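Novice: Quick one: sequence plus predicted model below, questions after.
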Amino acid sequence: MAVETHTYSDLDDTWDAANRFTAVADVDVDLSNSRAYFLFFVITGTDALPAIPVRDARPISPMAAEQMQLQTGDRLWVAGKGASALLMTG
């Protein structure tokens, strides 16, 4: 599978479908926080907005990254006031 890059810039403390990645197949991902603000993420199984507040989701520290595997149909949502994210898949 080819490596793809997705950038999410100038995030806010609300969930937004524009800041969601949907896995079309099982895929390894690297989610990086490229700013000096905390990035938060959650994985769901539907397009419905996550039910938890952004700040209760899993955090990624400033300038840090997390690797994970998404299953087909998983939705990875990112948010965080002032944060930016880089998602690499493949």
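Specialist: Looks like it arrived, so ask away. For clarity, every value in this text was computed on a predicted model and none was experimentally measured. Numbering: from 1, shown residues only.
Novice: Helices of this structure, start to end?
Specialist: Taking DSSP state H, the chain contains no helices at all.
Novice: Can you tell me the centre-most residue of it?
Specialist: Nearest residue to the geometric centre of the chain (CA atoms, centre = their mean): residue 78, 3.6 Å.
Novice: is that residue in a bridge, and if so with what?
Specialist: residue 41 (DSSP bridges).
Novice: cool, and the one 10 residues further on?
Specialist: According to DSSP bridges, the residues that bridge with residue 88 are residue 5, residue 30.
Novice: if we can go back for a sec, tell me the pLDDT at the residue nearest to the centre of the chain?
Specialist: Among the per-residue scores, residue 78 holds a pLDDT of 98.
Novice: Contacts only, for it.
Specialist: The contact partners of residue 78, taken as CB atoms under 8 Å, 6 or more residues apart in numbering, are 8, 11, 19-21, 31, 39-41, 85, 87. All C-beta atoms are positioned from the backbone trio N, CA, C, and that covers glycine.
Novice: and if we set it to 6 Å?
Specialist: If a contact means CB atoms under 6 Å, 6 or more residues apart in numbering, then residue 78 has 8, 19, 41, 85 as its contacts.
Novice: Next, format these as CSV and append pLDDT, distance to residue 55 and neighbour count.
Specialist: Formatted as CSV, the contacts of residue 78 follow (pLDDT from 0 to 100; distance: CB to CB, whole Å; neighbours: other CB atoms under 10 Å):
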residue, pLDDT, distance to residue 55, neighbour count
8, 97, 17, 22
19, 98, 15, 20
41, 98, 12, 23
85, 96, 16, 25
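Novice: which of those lies closest to residue 62?
Specialist: Proximity of those to residue 62, judged by CB to CB, is greatest for residue 85, which lies at 11.6 Å.
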